[in-house]
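In: requesting a structural model of the entry that follows:
(chains A and B)
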There are 2 protein chains.
Amino acid sequence: MSVKTYIESNKDRFLDELFSLIRIPSISAKHENKPDMQVCAQRWTELLLASGADKAVVMPTDGNPVVYGEKMISPEAKTVLVYAHYDVMPAEPLELWKSNPFEPELRDGRIWARGADDDKGQGMIQVKGFETALKNDLLHCNVKFIFEGEEEIGSPSLESFCRKNKGLLKADVILVSDTSMISAETPSLTTGLRGLAYWEVEVTGPNRDLHSGHFGGAVANPINVLCKLMADITDADGRITIPGFYDDVEEVSAAEREMIARIPFDEKKYMEAIGVKALSGEKGYSTLERNSCRPSFDICGIWGGYTGEGSKTVLPSKAFAKVSCRLVPHQDHEKISRMFEEYMARVAPDYVTVKVTPSHGGQGYVCPIDMPAYQAAEKAVGIAFGMKPLAVRRGGSIPIISTFEQILGIKTVLMGFGLEQNAIHSPNESCRLDIFYKGIEAVARFYKEFK
Amino acid sequence: MSVKTYIESNKDRFLDELFSLIRIPSISAKHENKPDMQVCAQRWTELLLASGADKAVVMPTDGNPVVYGEKMISPEAKTVLVYAHYDVMPAEPLELWKSNPFEPELRDGRIWARGADDDKGQGMIQVKGFETALKNDLLHCNVKFIFEGEEEIGSPSLESFCRKNKGLLKADVILVSDTSMISAETPSLTTGLRGLAYWEVEVTGPNRDLHSGHFGGAVANPINVLCKLMADITDADGRITIPGFYDDVEEVSAAEREMIARIPFDEKKYMEAIGVKALSGEKGYSTLERNSCRPSFDICGIWGGYTGEGSKTVLPSKAFAKVSCRLVPHQDHEKISRMFEEYMARVAPDYVTVKVTPSHGGQGYVCPIDMPAYQAAEKAVGIAFGMKPLAVRRGGSIPIISTFEQILGIKTVLMGFGLEQNAIHSPNESCRLDIFYKGIEAVARFYKEFK
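Out: Modelled structure (predicted):
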């Protein structure tokens, strides 16, 4: 039976299996969902075994459990380690969802749900692609699976898990579907990722909320101060002003800038899709360079004072911000993290106390396009999507990719099938059905190619 | 019976009556407390009648009802109109309260509760002072009471109420206890107030929350933009940069600066009380000038993006701030409000949409110290507190004071008994018991003096 026929005749079951995962609200950022993590990991083991794995177990970590599975063909054969994550982002703001984020709905040829793409949908693409290859005798290598439950909170437990299980995780290459393609018409493989550094900033002024009439003008307002501190981090040219921040940034080579310029990209459509009248970023770089090869500074959340109904004239005691920097290869996230802490300590005015708490971070990554596994992926995606995929750097971060390289010494091929319009991390996340099935075909053909 | 003896022999009843008001959570900023406004107004009418008023009724307005009461001595006698407000600020953040904000507690010689000072405590001082004067045959004037339920949200209905009831509210002077004294040792009367302008600012970037990895660096982040807009409103010298903002500001006269310099003020104690290591404000002015005679800009609240547990890497769609300016006499709050709106429209960058919604506002006020009522108040407070009160300008705003002047043509004497340490508008609001009773004595003696 051909790969296409097998997928066609099992398509509904594939969906049902994906839906059974989506219905488990495995939100790693929230304590209240702790029990769901265990349930979701357990469900994955059932699905792995049903898909043809010889073995699938839930393994404890210091945090949420890891799902490990394997299908061993022969000790001589090469081994592929498939990584995915079963945790998802919080669904807030809930009021913006057109349907229940944890009850998948099929509309307009798409699956609508939190995790439809990131990363339950793409995880299923890997597992069903493996099943398709296996059931059609196309599998020539051993396959191991490691699915974690803390990717969206920075994989705090995965590094120590890898250190403890180096033998178990031994492989020739890691295969990951957690990235996106340029578009449905222009398939691509991700050959670079940005790193990440994340902090929470707390500014404390007076020891209690004050009446803005009695104190306003004479006592520093921590929200005013926080806004000033945050505003000063970026200059008029969109460059980050923290001294030394760009020291390790490798300038984008002329060759790569040319390649990026060749990527089909309609800036007008891009702006329309996100509903902005203009774009803004670092002076001297194109949009595609800004969101892939250049670092960025974003305030991901801010809060302080009275945010309820009506108006309250208060000079608050505290103000908070969650801030992050996207980093590029060669920038060390720990060095940048210290640099930011030292910078904030240096610029904090004496009339407030500024506390910086580093959160998770990760290094950037670059994948050599001459690797056999990369070339197998390139060929497989080419057949499934009818066009050779472009090799592109993406702006997102998957910190554990570099962790794998450092600890397990294994390179990763990022074979992602997401699309910008899938709105991952946002309300109304979705995944195109046709891409879901093409992805499964591409993974099946990868195993056919990879020997 | 002497004033002191009368107060002494009724002190517990005075407290019980105050507590019965405090237990009604009359928070005007919250819809959920609408029913409590009616209950609180009703309770005031009972207390006014019990205190000796001939008449006390709840009168409807477009918003929360107004309590009106009166004691008419003779058509020939002068008339004092006593203003207070029965609504209170929200009690949030609740977790910082040592005791239930709406269940008064006596600790360390203080009453602890929301409204213990602002303005249920001070309203009771007025009513019990009136009762004491009446029961001791010291009352030589007619007394009218008007207690509103929307002061903390800017008195949206009071102006039209005054226009509709000019005859009913006819009086020679208005007496208000809703301000504070320099300290328990240095009694003072407030002869000036700052005005207020308040806005909500909404910055919209992309039409949905975006993944900060895929878009960060290429798409403007509305929180980053909001911080920049807010930071730019104040310059390095602590001056507000909005063009024309200072046009109508009357420079503090040398004479007044001298008087302010004579006010006993320990900057070190002031800093210790609010727990800051340094003060900050407009260059060239002292702390007491900054918080009373100079305008200020405060961000009262800010929010946007992910503010929940853990870290979420998001480039949010929207960011919000509630901002306010304290204004000084001669600055027109409506002119300033338009000025701010026009300024924001002018400086808003094209990659975001900035929406400014004006909230309530009010003019500043100055009270002439040669008014008979002011002099009666000065004498009365002098006797009750054993020291002639200083005449000082305060930084707070009571917008309706200028409304009274414009619509009713009546000047106000601000006979307030609050203290900075009472923490009004903050968690653990309180009122000193001894001051509560001294205040009652002072009001009783005011009636003895005012003919």
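
In: and the residue at the greatest distance from the centre of chain A, how far from chain B?
Out: What lies farthest from the middle of chain A is A:His214; by C-alpha atoms, centre = their mean that is 47.2 Å. A:His214 sits at a distance of 5 Å from chain B (criterion: C-beta to the nearest C-beta, to the nearest Å). For glycine as for every other residue, the C-beta is placed from the backbone atoms N, C-alpha and C.

In: contact partners for that residue?
Out: B:180, B:291, B:394-396, B:420 (C-beta atoms under 8 Å, 6 or more residues apart in numbering or on different chains).

In: tell me the one of these nearest B:Gly109?
Out: Of all the contacts of A:His214, B:Glu420 has the smallest distance to B:Gly109: 16.7 Å, by C-beta to C-beta.

In: the helix or strand encompassing A:Val143 packs against which elements?
Out: Per DSSP states H and E: A:Val143 is located in strand A:142-148. Packed against strand A:142-148 by the contact rule (3 or more C-beta pairs under 8 Å, 6 or more residues apart in numbering or on different chains; DSSP states H and E) you find helix A:34-50, strand A:66-71, strand A:79-85, helix A:120-135.

In: hang on, the earlier thing: quick check: the residue farthest from the centre of chain A is in a helix.
Out: Yes: A:His214 forms part of a helix when assessed by DSSP: H, G, I helix; E, B strand; the rest coil.

In: now do it, the pLDDT please.
Out: As predicted, A:His214 sits at a pLDDT of 88.

In: again, but for A:Val252
Out: pLDDT, read off for A:Val252, is 83.

In: you'd agree it is in a helix?
Out: No: counting by three-state DSSP, A:Val252 is not part of a helix but coil.

In: picking that back up, filter the contacts of A:His214 by proximity to chain A?
Out: B:180, B:291, B:394-396, B:420 (C-beta under 8 Å from any C-beta of the partner chain).

In: neighbours of A:Asp108, how many?
Out: Neighbourhood size, A:Asp108 [other C-beta atoms under 10 Å in any protein chain shown]: 8.

In: and the gap between it and A:Asn422?
Out: For A:Asp108, the distance to A:Asn422 equals 13 Å [C-beta to C-beta, to the nearest Å].

In: ranking the helices and strands packed on strand A:142-148 by burial, who's on top?
Out: Among the helices and strands packed on strand A:142-148, helix A:120-135 has the highest mean neighbour count (mean count of other C-beta atoms under 10 Å in any protein chain shown), at a mean of 27.

In: got the angle between that helix and strand A:66-71?
Out: Per axes from the mean of the first three to the mean of the last three C-alpha atoms, to 10 degrees, the angle that helix A:120-135 makes with strand A:66-71 is 20 degrees.

In: please save the CA atoms from the longest helix anywhere in chain A in CSV.
Out: Secondary structure of chain A per DSSP state H: the longest helix is helix A:3-22. In CSV, the C-alpha atoms belonging to helix A:3-22 read as follows (Å, rounded to 0.1, in the frame of the first residue of the first chain):
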residue,chain,number,x,y,z
VAL,A,3,2.2,6.1,1.8
LYS,A,4,-0.6,8.3,0.5
THR,A,5,-3.2,5.5,0.5
TYR,A,6,-2.3,4.5,4.0
ILE,A,7,-2.7,8.0,5.3
GLU,A,8,-6.0,8.5,3.3
SER,A,9,-7.5,5.3,4.8
ASN,A,10,-6.5,6.2,8.4
LYS,A,11,-7.0,10.0,8.3
ASP,A,12,-10.1,10.0,10.7
ARG,A,13,-8.3,7.8,13.3
PHE,A,14,-5.3,10.1,13.1
LEU,A,15,-7.5,13.1,13.9
ASP,A,16,-9.4,11.3,16.8
GLU,A,17,-6.0,10.4,18.3
LEU,A,18,-4.9,14.0,18.1
PHE,A,19,-8.2,15.3,19.6
SER,A,20,-7.8,12.9,22.6
LEU,A,21,-4.5,14.8,23.4
ILE,A,22,-5.9,18.3,22.8
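
In: excluding sequence neighbours, find me the nearest residue to A:Val252.
Out: With C-beta to C-beta, 6 or more residues apart in numbering or on different chains as the criterion, A:Val252 has its nearest non-adjacent residue at 4.6 Å, and that residue is A:Cys293.

In: pretty sure that neighbour sits against A:Arg326.
Out: No: between A:Cys293 and A:Arg326 there is no contact under C-beta atoms under 8 Å: 10.4 Å.

In: go through the helices and strands packed on strand A:142-148 and name the closest to B:Ile400.
Out: helix A:34-50 (52.2 Å).

In: in the helix or strand just after the closest one, what's buried?
Out: Beyond helix A:34-50 in the direction of the C-terminus, DSSP H and E gives the next helix or strand as strand A:55-59. For strand A:55-59, the neighbour count (16 or more other C-beta atoms under 10 Å in any protein chain shown) marks A:56, A:58 as buried.
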